[in-house]
Each structure stands twice: as structure tokens, then as C-alpha cells.
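Asker: give me coordinates for this.
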Amino acid sequence: MKNVVFLMSLMYCSLANASCEIEQYKKYLNSQSVSMLEATKTIFEEDKVAFKIIKPFVKFQVRYNKLDIYVAEKLNIIDPSLLNTGSTISKLVPRFSLKVTSSGSLENRVDLAMANDSFYTSEKAAMSADEDYYLFLKGMSSEEKKQFFAAREVLNSFVSKSSYFPNVQSAFSKQFSEVCNP
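Answerer: Predicted structure coming up:
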């Protein structure tokens, strides 16, 4: 009986830590989203050309952040070992966690863990073209890349002035161990 109580207390502590980590991750991504939205509002008022270029990217990034929060919460339930709890707050959900199959091909562990989640699979499919375009620059001409990078510079300059930016900047390099007691 003592072993059962001990194991249950360990599980509770593990869940409590994961909850802290999930909350810190949500705070980070929500702060990032709000700072980008605030910056976009200012860009709209000051630079219509940059606004036209950057608005779809910001919409994509905010949607991506919401999906990342969803994934963190789900992975915490179905396979917490995939979460980078020993890392910085900004890296809780791994971008690329690859597994080599017996046939030698590569599979993304997060995609595998989330494969039966219809919301995840539909969101990933819906965002695939934007992900390729904005994150990997696929389909952008050299002129579009120049314009996009210029608009990103404008966005970055306004994001850095946001009241939420210090939270974003801090979480980017802060370890979970600094804020979540083991």
C-alpha cells in the first residue's frame, strides 16, 4: 500500500510540474501572439505596404501558436516524454523530433503521437501551405522574399516595443527549472 501511495504522489508531482510547464509555455506563446497583433495594429497605422505583406504571416503565426498550445496540452496527456521539459520554455514542443523506422525512413514523433487527433491533423493540413510559404519560403520569388524580410524587420521593430515583449524574450532563454520547482 505504501508503494501505491508513493507512486501516486510521484505521479501527482509529475503532473504538477507538467502543469507549470504547460502554463509557462502558454504564457510565452500567448505573449508572443499578443505582441505580434499589437505590432500589426501599429504597422497598419504607419506602413500600409508592410501591413499588407505581414498581416497574413501574423495570422498564420497566431494560429500556429494556438496549435502548439493544443499540442503541448495533448502530449502532456498522451506522451509527456515528447515534451522538452528540460529545455527552455520556448522549446517545450519539439519542432522536429524524428524517429528512424525499421525501414530507414524518418517519422516525426509528434505527428505520430497526434495522428489520431482530428483537430491536429486538420489544422496541420490547413496550415501546410502557409507553413511552407512563411517558414520555409517555398513559392516566394526573390522579390517577394525581399519584401517579406523587409516587412518582418518592421514587425520585429514594433514587437520589440510591445509591453509583452519582455515576457517573450525572457521565455526564449529561460529554463523550466528556473520557474517550475522540481
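Asker: contacts for stretch 60-67, please.
Answerer: With contact meaning C-beta atoms under 8 Å, 6 or more residues apart in numbering, stretch 60-67 is reached by 29-30, 32-33, 36-37, 120, 123-124, 127, 130-131, 134. Where C-beta positions appear, they are placed from N, C-alpha and C, glycine not excepted.
Asker: stretch 147-162 too?
Answerer: The contact list for stretch 147-162, computed with C-beta under 8 Å, 6+ apart, reads 34-36, 38-40, 42-43, 47, 49-50, 53-54, 57-58, 134, 137, 140, 165, 168.
Asker: what's the answer for stretch 24-32, then?
Answerer: Contacts of stretch 24-32 (C-beta under 8 Å, 6+ apart): 61, 65-66, 68-69, 72, 89-90, 92-93, 164-165, 167-168, 171-172, 176, 179-180.
Asker: narrow those residues to those in helices?
Answerer: 61, 65-66, 68-69, 72, 165, 167-168, 171-172, 176, 179 (DSSP state H).
Asker: hang on, the earlier thing: okay if I get the contacts of stretch 60-67 as TSV plus pLDDT?
Answerer: Converted to TSV, these look like this (pLDDT from 0 to 100):
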residue	pLDDT
Leu29	95
Asn30	94
Gln32	94
Ser33	95
Met36	95
Leu37	95
Tyr120	94
Glu123	95
Lys124	92
Met127	94
Asp130	94
Glu131	91
Tyr134	93
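Asker: in helices, which of those residues appear?
Answerer: 29-30, 32-33, 36-37, 120, 123-124, 127, 130-131, 134.
Asker: now these: which count as buried?
Answerer: Buried by 16 or more other C-beta atoms under 10 Å: 29-30, 32-33, 36-37, 120, 123-124, 127, 130, 134, out of the ones in helices among the contacts of stretch 60-67.
Asker: which of those lies closest to Asn108?
Answerer: Distance to Asn108, by C-beta to C-beta, is smallest for Lys124 among those, at 10.1 Å.
Asker: what's the distance between stretch 144-160 and the middle of its chain?
Answerer: 20 Å (C-alpha atoms, centre = their mean, to the nearest Å).
Asker: any buried residues in that stretch, and which?
Answerer: Buried residues in stretch 144-160, counting neighbours by 16+ other C-beta under 10 Å, are found at 147-148, 151-152, 154-155, 158-159.
Asker: can you put the buried ones among the ones in helices among the contacts of stretch 60-67 in CSV and add distance to Glu23?
Answerer: Listed next are these as CSV, based on distance: C-beta to C-beta, whole Å:
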residue, distance to Glu23
Leu29, 11
Asn30, 10
Gln32, 15
Ser33, 16
Met36, 20
Leu37, 21
Tyr120, 21
Glu123, 22
Lys124, 24
Met127, 24
Asp130, 28
Tyr134, 27
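Asker: many thanks, have a good one.
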